[in-house]
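Participant: I'd like to go over a predicted model; first the sequence, then the structure.
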Amino acid sequence: ATVMLKVKQTNAVLAKGLGDGVTNVLLLKPNGDIFAAASNSDISTEIPAAILSHLWRTYQANATILNSTNVQSVLGKTEDRQFAIEPVLEGKLLVAALADSTVELGILRAKLQAIASAIVEGGVGKLEL
């Protein structure tokens, strides 16, 4: 399938998710390939992308085992970080975010849902999935 995305607009939309404790916002394939990223962190985006895509695939596999075909989002916490993953374009892409422990998970999920909606309304530049 071919998806049209406006590169500049996609990067700008991801960057709008930063701040208020959110340090990384990524648009990636479920295998971890990064299409776009916004960060105000010293952490390389490749490491979070690999971890978040692995978490997504794990939840998807478990959902299949439980006869649930539609994981709508994955939210989680570690000792000092939080994360959220939201599918875009029927799970062909993922929007994911990392945040510090002060961010409410519901707020993080709402930010990702708004970003996902903006990406779906998309634009220019063919992307082969």
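Facilitator: It's in. Numbers count the residues shown, from 1 in each chain.

Participant: drop to CA atoms for contacts and neighbour counts, all remaining ones
Facilitator: Noted.

Participant: all strands of the chain, in order?
Facilitator: Ranges of strands within the chain are 2-4, 22-28, 34-39, 74-77, 81-88, 93-100, 126-128, based on DSSP state E.

Participant: comparing these by mean pLDDT, which bottoms out?
Facilitator: Confidence, taken as mean pLDDT, is least for strand 126-128 of the strands of the chain (a mean of 43).

Participant: picking up where we left off before, and of the strands of the chain, who's closest to Ala110?
Facilitator: Ranking the strands of the chain by proximity to Ala110 (CA to CA) places strand 81-88 first, at 9.8 Å.

Participant: so Ala50 touches Pro30, yeah?
Facilitator: No - look at Ala50 against Pro30 with CA atoms under 8 Å: they stay out of range, at 9.2 Å.

Participant: the two: who's more crowded?
Facilitator: Pro30 (21 against 16; other CA atoms under 10 Å).

Participant: what's the separation between that one and Ser41?
Facilitator: For Pro30, the distance to Ser41 equals 22 Å [CA to CA, to the nearest Å].

Participant: same deal with Asn62?
Facilitator: From Asn62 to Ser41 the distance is 31 Å (CA to CA).

Participant: who's more crowded, these two?
Facilitator: Neighbour totals were compared for Asn62 and Ser41, and Asn62 leads with 14 against 11 (other CA under 10 Å).

Participant: check what pLDDT that one gets.
Facilitator: Looking at Asn62, its pLDDT is 78.

Participant: quick one, what contacts it?
Facilitator: Neighbouring residues of Asn62 by CA atoms under 8 Å, 6 or more residues apart in numbering: there are none.

Participant: would you mind measuring from it to Trp56?
Facilitator: As for Asn62, its distance to Trp56 is 10 Å (criterion: CA to CA).

Participant: what of Gln113?
Facilitator: As for Gln113, its distance to Trp56 is 16 Å (criterion: CA to CA).

Participant: and if you look at Ala84?
Facilitator: For Ala84 relative to Trp56 (CA to CA), the value is 10 Å.
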